[in-house]
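*Asks:* Provided below are the primary sequence and the corresponding predicted coordinates.
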Amino acid sequence: MDILKIAAMAIITAVLALIVKQDKPEYSVLIQLSGIVAVTLLAVSFIGGLTAAAGSMLSFAGLDAGYLKVLMKVLGVAVITEFGSDICKDNGNTALAGSVELAGKIVILTLSLPMIKAIAELAAGLINA
């Protein structure tokens, strides 16, 4: 199972980062980043099924399939924002983590505006029909 590989890799990375942090804290962050990249690459294998399901839901709702690209970008921004924020928190930079989260929310809102507009127009059309 892929989730077992992902969980094992995450646990090994966390333990290794904790051990290294005692002697060389600067390397601990690099180990964490390496683990994040490895886990993310394993998780990306599930995106094919996700895009197929999201595409069929969008076409069923009568929305442009181009919005699937927007959804994938939003998902990417959310994941990167979470990783960046967590790394900052792990290293005691909570204010910086908050700034990363705020920036991620602004980017997600900006990317989502065309979809929000389309959904509002669809809802208005249903109400006026």
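*Replies:* Perfect, thanks for sending it.

*Asks:* residue ranges with poor pLDDT in the chain?
*Replies:* 1, 63, 129 (pLDDT under 70).

*Asks:* what ranges do the helices span in it?
*Replies:* 2-23, 25-43, 47-60, 67-90, 94-128 (DSSP state H).

*Asks:* Closest to the centroid, which residue in the chain?
*Replies:* The geometric centre of the chain, computed from its C-alpha atoms, lies nearest to residue 79 (Cα atoms, centre = their mean), at 1.7 Å.

*Asks:* Distance of the closest residue to that residue other than its chain neighbours relative to residue 33?
*Replies:* By the measure of Cβ to Cβ, 6 or more residues apart in numbering, the closest residue to residue 79 outside its immediate chain neighbours is residue 40, 7.2 Å from it. C-beta: built from backbone N, CA, C; applies to glycine. Distance, residue 40 to residue 33, by Cβ to Cβ, to the nearest Å: 10 Å.

*Asks:* Same check on residue 89?
*Replies:* If you go by Cβ to Cβ, the gap between residue 89 and residue 33 works out to 14 Å.

*Asks:* count of neighbours near the residue nearest to residue 71 when sequence neighbours are not counted?
*Replies:* Closest residue to residue 71 apart from its sequence neighbours, by Cβ to Cβ, 6+ apart: residue 54 at 5.8 Å. By other Cβ atoms under 10 Å, 17 other residues sit near residue 54.

*Asks:* these two touch, right, residue 54 and residue 65?
*Replies:* No. Residue 54 lies out of contact with residue 65 (Cβ atoms under 8 Å); the separation is 9.5 Å.
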